[in-house]
Structures are given as C-alpha cells and as structure tokens.
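> Quick one: sequence plus predicted model below, questions after.
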Amino acid sequence: MALTAVPTRISSLQTSFQYLVLLVALMKVPGFSLLPAPGLLLGVLLAPVIVRAVRREPIVQLLLGAALVATASGLLTVAYTPVTSGSPGEPFVQATLIAWIFSIPVTVALIMWASAGVPTRTAVVLVLIGGLVSALVNEPLAWKGSIGIFSTLLALALVWGRPLIVPRIILVSSAALSAIGDARFMTLIALLAVVATFIGRRTRDRLARNPVRWSIVITGAALVATRLAITAMQSGLLGPAIALRTQHQFVAGRSWIEAARTEWAASLHLFSAQPSGFGIGEVTNGGLAREAIARVQAVGGDYTADYFVVDVFGSRVDLHSMTADLWYHFGIGGLLVVLVTAAYLLVALPASISRARTGGVLVVFACLAGAWDLMFSPMGNVDRLIVALALAGTMLQQSRGPHGDAGSESGLAQAPTSSAVSSPRNDRRVQR
C-alpha cells in the first residue's frame, strides 16, 4: 500500500504544479508589464519537458519558427538602417524586445503543456484568473481594456457547457458595460460574438467542414458589421457622447484604420520612409519622428500630447499596434509573425462558431479580441493575444478530429466538444 501511495502522491504534486503554472502563465511583474515574464521564465526552465509535450502542436511550431525568423530579420535590419531613419537603441531594450516576441510561442506552449490532464474548464479558468489579477495590478481600474476583456472571458469560461442563453446574457452585459465605458471596440466584439450564437446547426456544420473558406466569409461579414456599427454610432444610437466622438474620428478624410488609432497615420509615414522596417530597438530619427507626428496632426489626432514623445517615440518605440511594432522592430520577419498569428485567429473562428454550445463562444470572443489587439493594441497587451492563440490552437486541433467526438476532461490540448460529457451529471455517471 505504501508503494502504491508514492506514485499517487507524485501525480498529485504534478497536478498541483500544473495548476500553479496555469495560474501564473499570463501574470506580469509590476513595473515590467511589457510581457508575462513569469510564464516566459517557466517556459524556458521547463523547455525540455514542454518541447516533448507540444512537438506535434502546429501552432507552437509555426509561432516559434516565425519568432526565430523575425529575430534574425530584426538584427539584420538594424545593420542596414541609415542614420537618417534611426539609430541603435539600448542593449536592454533590444533584449526586452527579443524576450517579448519569444514570449508568444513559449507561453502558448507552456499553457498547452500545463493543461494536459487538467479538466478543461479548470485550465481555462486558472489562466484567465491569472490574466485578470495581472490586469488589476498593472492597469488603471477601468472596464475598458484588459480588465473588461479578461472579466468577460472568465465569465464565459465559468458557464462553459451551459445553455446558450447564459453566455448571451454575459456578452450583452459586457457590451452594455463597454458602451457605458466608451470601449466601442469591446462593444462591437461582444455583439459579434452574440450573433455567432444564433447561427443554425446546418451552417455550423458547413463552417466545421471548410474553416479556411468560411474564415474569409466571416472576415468580410465582420467588416460589413463594423461599417454598420460605425454608422449606428455616428447616428447617435448609442448616445450623443459616442456619436460626437465617432464623428470626430472620421473627420479630415480619415481611413478606418486611422480613425481606429491615429498612431497608424504615424506608422504609415514611417513605412513610406523605411519599408523594410527599422530593426530591433532602433530609435527613430528625431526629424522623421516629428514628420510622423505631423501626420497624426493632419488626421486630427492629439499630436500635442507628451504620449507621442514619451511612449510612442521614446527609448522603446511602440506604435500602439502590434502589427506596426512587429514591422518596425523585426522588419519583414515581423510581418511573418503577423501573418501566422492572424491566420490562426481567423481560421479558428469557423471551428469555434461550429462549437458555440460547448465553449466555442468563449473562443470566438477571444479570437475577435485577439485580432483587434494585433491591429490596434500596444505590445503590453500581448497577454491577451497569447490566450487567444492558445484557445485558437486548441479549437483547430479539435476540428481536425471527428466532429464532436472529443469529450474527455483533458485540458486545453483536448478541449471537450460535447456539453453532455462536460456536465457534472454525466461526470458522475461515468465514474459509476
């Protein structure tokens, strides 16, 4: 009996360690909130174990390969950037940026490894609790931003497998809170996720069979819905304050992308001056930076704010768009990371919608938020992108198997796709 108890104790300790890893995977250290440093450190320390566990995970392989190419591209770009465009940054900034780009594949791999053998909802809830706690510690106390995103995701995870009316209520409530807090993109994402829950079974089956084709259709439909939402906001449907701000954002002939974030006006000017990117940690030439800020002024942005001098064109350039930042710091290789990331998020949407009744609505919301973050959020929101990629990779993994056959409580790497199997009643039935 004593010999039997030893493996049981070891197994219990391993499970406890996995729970701890999942809890801290997305946490950030106060004062260093650019990336989830504990998750990256754990991923490096556990690399031999994690490599064996996730070596067959395409999402990890592609993200890691893209990060390696991007790093080489960024270092090479630094060497060929003329002084008229920029100058080399501090070694610490360069090391931080390399750590940032590798935090994406390493933390995704860590989450997928730690979730193996852990009940699905438990794994997801632990990861999201860690993300929410980190947001509460590192960000201003406001619904708009990471606190609202992680709160909505956590609420959806807690009702995993419940009737669709429950996640619909959560999403509508999230949309209402976002509208009140002037988080219009969060409002739109929540409403799009609600719409996805009303798609019928036949259409959901088609989505599951042809995810790539339908991801293009869904993207087009989302763009049309976005245009309609903007029109509704401009008309005052969501109140006069939101109408006034939305109308202001589209003055001076701004494009959609510039209206969403005026920093894109600066990014597009930098691209016209240096299409190949600037390189890892490169500091923008002062004259070129002033020209870029002038472009922000031309589209009606708040160009006088210290934000542009301190945060955007400071010692670590951050263009308030992970896409623009990946291009700026990692050149052509950075755009490869953007392509791989966007492809996974978009292709996962049809598979997620097809499983809306069994956790798919959570993944839909995460992927939509992740796509927004990729285009319009600063590098410090990489934790939200990481959780979206982990969920997207899981959903695509499930879509490769027989539709609706995964029913074991086996963590993110094998998420259940049947609400009947994941219900407490059926868990007790299986145990008997």
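Received the coordinates, thanks.

> Give me the pLDDT value at the closest residue to residue 35 other than its chain neighbours.
Using CB to CB, 6 or more residues apart in numbering and skipping residues adjacent in sequence, the residue nearest residue 35 is residue 103, 4.4 Å away. For every residue, glycine as well, the C-beta is placed using N, CA and C. On the pLDDT scale, residue 103 is placed at 96.

> Could you do residue 371 as well?
93.

> where does the stretch 51-200 of the chain dip in pLDDT?
Within the stretch 51-200 of the chain, not a single segment meets pLDDT under 70.

> all strands for it, in order.
In the stretch 51-200 of the chain, the strands defined using DSSP state E, counting those that start in this stretch lie at 86-87.

> where do the helices sit along it?
58-80, 91-114, 120-138, 146-158, 165-180, 184-196 (DSSP state H, counting those that start in this stretch).

> Same list, those, but as a markdown table with distance to residue 21 please.
Shown next, in a markdown table, are those (distance: least, CB to CB, whole Å):
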| stretch | distance to residue 21 |
| --- | --- |
| helix 58-80 | 16 |
| helix 91-114 | 4 |
| helix 120-138 | 9 |
| helix 146-158 | 17 |
| helix 165-180 | 27 |
| helix 184-196 | 28 |
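
> want to try CSV for those, with distance to residue 362 and mean neighbour count as columns?
Formatted as CSV, these follow (distance: least, CB to CB, whole Å; neighbours: other CB atoms under 10 Å):
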stretch, distance to residue 362, mean neighbour count
helix 58-80, 17, 19
helix 91-114, 15, 23
helix 120-138, 7, 22
helix 146-158, 4, 23
helix 165-180, 8, 18
helix 184-196, 9, 22
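
> Which of these sits closest to residue 364?
Nearest to residue 364 among the helices of the stretch 51-200 of the chain is helix 184-196 (4.9 Å), distances taken as CB to CB.

> got the angle for whatever helix or strand comes next after that closest one vs helix 184-196?
From helix 184-196 onward toward the C-terminus, using DSSP states H and E, the following helix or strand is helix 201-209. Here the directions of helix 201-209 and helix 184-196 differ by 110 degrees (axes from the mean of the first three to the mean of the last three CA atoms, to 10 degrees).

> tell me what helix 201-209 is packed against?
helix 322-354 (3 or more CB pairs under 8 Å, 6 or more residues apart in numbering; DSSP states H and E).

> right, and the helix or strand after the helix it packs on?
According to DSSP H and E, the helix or strand after helix 322-354 is helix 360-376.

> Check the offset of the next helix or strand after that following helix from the chain's centre.
Next helix or strand after helix 360-376 toward the C-terminus (DSSP H and E): helix 382-399. Relative to its chain's centre, helix 382-399 lies at 8 Å (CA atoms, centre = their mean, to the nearest Å).

> Report the mean per-residue pLDDT for helix 382-399.
On average, helix 382-399 scores 89.

> The helix or strand hosting residue 292 packs against which elements?
In this structure, residue 292 sits in helix 286-298 according to DSSP H and E. Counting contacts by 3+ CB pairs under 8 Å, 6+ apart, helix 286-298 is packed against helix 263-273.
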